[in-house]
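Asks: Pasting the sequence and the predicted model now:
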Amino acid sequence: MTVIARWDPFREFSTLQDRMNRLFRESYGPEGRDESLTTSQFAPPVDVYEDEHNVVLKVEVPGIDEKDIDVRVENNVLTVHGERKVEKEEKEENFRRVERQYGSFTRTFTLPSTVDAERIQADYDKGILKIVLPKKAEAKPKSIKVNVGSQKTLEGKGPSKAA
């Protein structure tokens, strides 16, 4: 027996809409839309650069107290963890838009073998966490002097003549 089914070109759109609705419900959860927008995990931006002596990370963490930032090195992995807390005030404010992100963050970086983990330093100034990773002495570039000019030939032999 052959069954003929009516083709509905909009059925895929309906399925997509259901999936999107489920995604938003799961993201914002039962606690309400406003709370979910203000307390989320975020990843602060990081600049990484290198010179001949150090690898340097600059982590942008404005509005976070230095006591709320933890920097660790374990098993050749640098971990930066912190938290930006929601500022609760006594008076009720009616926010129209909240773009600043709150909550905790964790950033991890695998250290290159050239870094001396014993001498890592971290400084916090004006919302920027600067982590200096010094390179090991053997990893630093070495300058080798090249002699040019009147060099004696090996064992008194001159250049070989082609026959």
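Replies: Alright, I've got the coordinates.

Asks: So residue 76 sits against residue 110, correct?
Replies: Yes. Counting by Cβ atoms under 8 Å, residue 76 touches residue 110, with 6.6 Å between them. (Glycine included, C-beta is placed from N, CA and C.)

Asks: Looking only at neighbour counts, state which of these two leads.
Replies: residue 76 (12 against 9; other Cβ atoms under 10 Å).

Asks: Could you list the domains of this structure?
Replies: The chain breaks down into these domains under automatic domain parsing: 10-39, 40-89+97-139.

Asks: Save these as a markdown table, and put in mean pLDDT too.
Replies: Shown next, in a markdown table, are these (pLDDT from 0 to 100):
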| stretch | mean pLDDT |
| --- | --- |
| domain 10-39 | 64 |
| domain 40-89+97-139 | 88 |
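
Asks: Return the most buried member of those domains.
Replies: domain 40-89+97-139 (a mean of 14; mean count of other Cβ atoms under 10 Å).

Asks: Tell me the gap between that one and the middle of its chain.
Replies: Centroid displacement of domain 40-89+97-139 relative to its chain, using Cα atoms, centre = their mean, to the nearest Å, is 8 Å.

Asks: just stretch 129-145 next, same as before
Replies: Relative to its chain's centre, stretch 129-145 lies at 22 Å (Cα atoms, centre = their mean).

Asks: Show me what that stretch is in contact with.
Replies: 52-59, 61, 69, 71, 78, 80, 111, 113-117, 119-124 (Cβ atoms under 8 Å, 6 or more residues apart in numbering).

Asks: Now that stretch - C-alpha only, CSV.
Replies: Only the C-alpha atoms of stretch 129-145 are listed here, as CSV (Å, rounded to 0.1, in the frame of the first residue of the first chain):
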residue,chain,number,x,y,z
LEU,A,129,46.6,41.9,35.4
LYS,A,130,50.1,41.6,34.0
ILE,A,131,51.8,38.2,34.3
VAL,A,132,55.5,38.1,33.4
LEU,A,133,56.8,34.6,32.5
PRO,A,134,60.6,34.8,32.4
LYS,A,135,62.4,32.5,29.9
LYS,A,136,65.0,30.0,31.0
ALA,A,137,68.6,31.0,30.4
GLU,A,138,69.0,28.3,27.8
ALA,A,139,66.0,29.5,25.9
LYS,A,140,67.2,33.0,25.4
PRO,A,141,68.9,33.9,22.1
LYS,A,142,72.7,33.7,22.1
SER,A,143,75.0,35.8,20.1
ILE,A,144,77.8,34.0,18.4
LYS,A,145,80.8,35.9,17.1
